[in-house]
Structures are given as C-alpha cells and as structure tokens.
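K.L.:
Sequence first, then the predicted structure:
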Amino acid sequence: MPEKEVGILGRMGPGAAVNFLNKVIALTPAQRDQDHLRIIIDNNPKIPDRTEAILTKAKSLFPILLETAKNLEKANADFIIIPSNTVHYFYEDLVTEISVPILHMMSEVVHAVSAPLPGCKRLGLIATNGTVASNLYQKQFRKLGVEVIVPDPQCQAKVMDAILSIKASHIRGRARREIIKAANLLI
C-alpha cells in the first residue's frame, strides 16, 4: 500500500503548523530521511483573524481557506489536517467544496480522550474566544454525554491574551502563568 501524502492547511499562525510538523516528525519511526512522510504545507499567516470572523459571523475569510485546501488538493495530498481549532468552524463548508478528506480535529480529540477516560463526565477547555464561542468541542463531547466547561469571562479574557502572546512567540512568563492559572481554575 503506497504511503499517504499529508496536506497541512496552515494559513493561520505559523506556529501551529510548525508545532504540528515537529510532533509528526518526532512520532514517525524513521531511521533515515527517506522514512519520513511526505508533507505538503500551505502556510500564509496573512489570513484575517479567525476568532473575529466567528464572533462577527463574517464569511470573508472562507474563500482564502478554500483556496488553501484546493492548493493542497492540486498538490495531490491524500488527506488534509488543519492544526487550528478555530478554523474548524469552517470545516463543514470546506468538506463540501473539495474531494480530499479533511481530518476533523474535534472528533479526533473525542476519540483520543474517550478511550483512556471512559467514565469522564466533564472536561475543561482552554482555547481562543472563537473556539469557545463556536461550541466545536462542546458539540462533539455532548454526543458522549460529556460536559465541556470553559473559563469564566474574566479568566477567558486572560486566556485569549495569553494565546495571542504565545502566537507572538512569547511562550514563557506571564502567558504560561495565565494558562496554568486557567487550567487550575477549571480543575
């Protein structure tokens, strides 16, 4: 069976695509360069803000996302991965426009969490305002009877500031402390 070619729709913050790629490389049982997967990445961080688009119900960035998916389709990707939670808000629209399968991150997370935590009834979510407001994780986990809890508005504002700081490559210090604080509050 021929090896599949992975397409990464990375038009969001470049850190998400790089972080994902580093994880794929680390988890690939390769003994030499040729043992790694062929990965096609389309990355353009100039795309408009996804959270803003979700909160304002704007569809203006969808054509850019679709262009990216079509680029990966033309490059012969066998399937597409979107290493951005927030962009999954546009998932249903994307899958109707292209022939290449797109992995659904939230479904994959549900699968990964439900096996090792079969009795889980509540999960905490730390994410962008757009991901929280879109209810992407809440919808998927509700199917299993699992409640997804999120930070209160004041804490969520600090989480969003921390995420923006992390996207600007400021992963230490205040941003890290705020994320840890939000996690502890959810716990």
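P.N.:
Thanks, I have the structure now. Residues are numbered from 1 along each chain as shown.
K.L.:
got the domain boundaries for this structure?
P.N.:
Split into domains by automatic domain parsing, the chain comes to 6-103, 106-186.
K.L.:
Could you provide those domains in CSV, with additional columns for mean neighbour count and mean pLDDT?
P.N.:
For every residue, glycine as well, the C-beta is placed using N, CA and C. What follows is these, written out as CSV (neighbours: other CB atoms under 10 Å; pLDDT from 0 to 100):
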stretch, mean neighbour count, mean pLDDT
domain 6-103, 16, 86
domain 106-186, 15, 89
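K.L.:
Show me the contact partners of stretch 95-111.
P.N.:
Among residues not part of stretch 95-111, those counted as contacts by CB atoms under 8 Å, 6 or more residues apart in numbering are 7, 9, 66, 69-70, 72-73, 77-83, 85, 88, 91, 94, 136-137, 139-141, 143-144.
K.L.:
end-to-end on it?
P.N.:
Across its full length, stretch 95-111 reaches 20 Å between end residues, using CA to CA, to the nearest Å.
K.L.:
swap in stretch 98-110?
P.N.:
Distance across stretch 98-110, first residue to last, is 24 Å (CA to CA).
K.L.:
which stretches of this protein form strands?
P.N.:
If DSSP state E is used as the criterion, the strands of the chain fall at 6-9, 39-42, 79-81, 122-124, 147-149.
K.L.:
by contact count, what packs against the second one?
P.N.:
Counting contacts by 3 or more CB pairs under 8 Å, 6 or more residues apart in numbering; DSSP states H and E, strand 39-42 packs against strand 6-9, helix 14-27, helix 62-74.
K.L.:
looking at the strands of the chain, which is closest to I187?
P.N.:
strand 122-124 (6.8 Å; CB to CB).
K.L.:
How far does that closest one sit from its chain's centre?
P.N.:
Taking CA atoms, centre = their mean, to the nearest Å, one finds the center of strand 122-124 at 18 Å from the center of the full chain.
K.L.:
Stretch 175-182 too?
P.N.:
Average the C-alpha atoms of stretch 175-182, do the same for its chain, and the two points are 19 Å apart (CA atoms, centre = their mean).
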